[in-house]
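Student: Pasting a predicted model and its sequence here:
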Amino acid sequence: MILSMKPPYDITPKILKLITSISEKLGEINATYLSKQSPQLRKQNRIKTIHSSLQIEGNTLTEEQITALIENKRVIGPEKDVLEVLNAIKLYENLEKYKFYSDKSFLKAHKELMNGLIQSPGKYRTKGVGIVKGNMVEHVAPPAENVPYLMKDLFEYLKDSEELTLIKSCVFHYEMEFIHPFIDGNGRMGRLWQTLILMSEYPVFEFLPFETLISQTQNEYYNSLAMCDKLGKSTIFIEYMLGVIDKSLSSLLDYNNRIFKDVDRLEYFIKLGAKEFTRKDYMNTFKNLSSATASRDLKKGLELKLFESIGFLNKTKYLVK
């Protein structure tokens, strides 16, 4: 690969510190968790990912409405917003079809994501674009005739560079936003493709909706992109995105939010065959469980609709669906 193809960025002490922190957390996430991923948890995280990524782009549908669409139910909402969600559902349900290093896959994914929303989905733009914030032009993207060559170079960097996957995923995300290869859908494609690149080495990223944290720190997201434009390199964006990934992994490992652990217990318990049970029955199965953890598990089971409850307090019974 020609050296000049490497996009410009620096490896700072902050980046190295975040890489170390992320690597430690990935090591903590036991591979057996991944093999035991429940369909409910996959669905829950997919809903969060779709909701957060589209919310950043102004979509108004709630997580409840997205859940209804996944379950093939009708929802009342703006036609464009509903179509955006339906396209995203179809795409995220077939992520394994897309190859992170292939520009053909990239265009195919854009076609799926933007079908019916813009003219010529799945094709690079043929005219100039700029990003306007208020009355100010925030970013003027490269000329349209340069887009195919710039994207080809970027995919060659993805394929050929020996850089760490964590860094490559951030570099691709920033450079793609800078090139702005499409008339619309650039933001959601950048976030989707970063997920795909990360999944190629770390399967846990299929279940880690880091888009939620991006949506909660949107100003920081856009400011880091703008600062990189001014400096001519992606260093600040890499620092921002690695911070988002690190925080997302922290929440996954947080003691009070061990989704993998409680779902594993719940699914094991349900497989034992009880159709009706109490908290005491649940605790008798898991002898070392505290009453507070048992209550948290059962609350999680209700949220995931694994069962429903009748009665109150110590008279509560749980009915398996």
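Tutor: Arrived safely, thanks for sending.
Student: Now do the same for the closest residue to Thr285 other than its chain neighbours: helix, strand or coil?
Tutor: In space, and not counting its chain neighbours, Thr285 is closest to Phe269: 5.7 Å by Cβ to Cβ, 6 or more residues apart in numbering. Heads up, the C-betas are built off the backbone N, CA and C, glycines and all. Put simply, Phe269 is helix when judged by DSSP: H, G, I helix; E, B strand; the rest coil.
Student: I'd like the distance between Phe269 and Leu242.
Tutor: With the distance defined as Cβ to Cβ, to the nearest Å, Phe269 ends up 37 Å from Leu242.
Student: now swap in Glu156 and tell me
Tutor: With distances taken as Cβ to Cβ, Glu156 is found 23 Å from Leu242.
Student: Neighbour count: the two, which is higher?
Tutor: Higher neighbour count among Glu156 and Leu242: Leu242, with 22 against 16, using other Cβ atoms under 10 Å.
Student: Look at the more buried one and report its pLDDT.
Tutor: At Leu242, the model reports a pLDDT of 97.
Student: In contact with the closest residue to it other than its chain neighbours, which residues are there?
Tutor: Leaving aside its sequence neighbours, Leu242 sits nearest to Leu18 (Cβ to Cβ, 6+ apart; 4.0 Å). Going by Cβ atoms under 8 Å, 6 or more residues apart in numbering, Leu18 touches 239, 242-243, 245-246.
Student: Tell me the confidence at Leu18?
Tutor: 97.
Student: Pretty sure it sits in a helix.
Tutor: Yes: under three-state DSSP, Leu18 sits within a helix.
Student: Pull stretch 123-131 out as PDB, backbone CA atoms only.
Tutor: What follows is stretch 123-131, C-alpha atoms only, in PDB (Å, rounded to 0.1, in the frame of the first residue of the first chain):
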ATOM      1  CA  LYS A 123     -24.800   5.200  -5.200                       C
ATOM      2  CA  TYR A 124     -22.100   7.800  -4.400                       C
ATOM      3  CA  ARG A 125     -23.300  11.400  -4.800                       C
ATOM      4  CA  THR A 126     -22.800  13.200  -8.100                       C
ATOM      5  CA  LYS A 127     -22.900  16.800  -6.800                       C
ATOM      6  CA  GLY A 128     -21.200  18.900  -4.200                       C
ATOM      7  CA  VAL A 129     -22.500  19.000  -0.600                       C
ATOM      8  CA  GLY A 130     -21.800  21.100   2.500                       C
ATOM      9  CA  ILE A 131     -23.000  20.800   6.100                       C
END
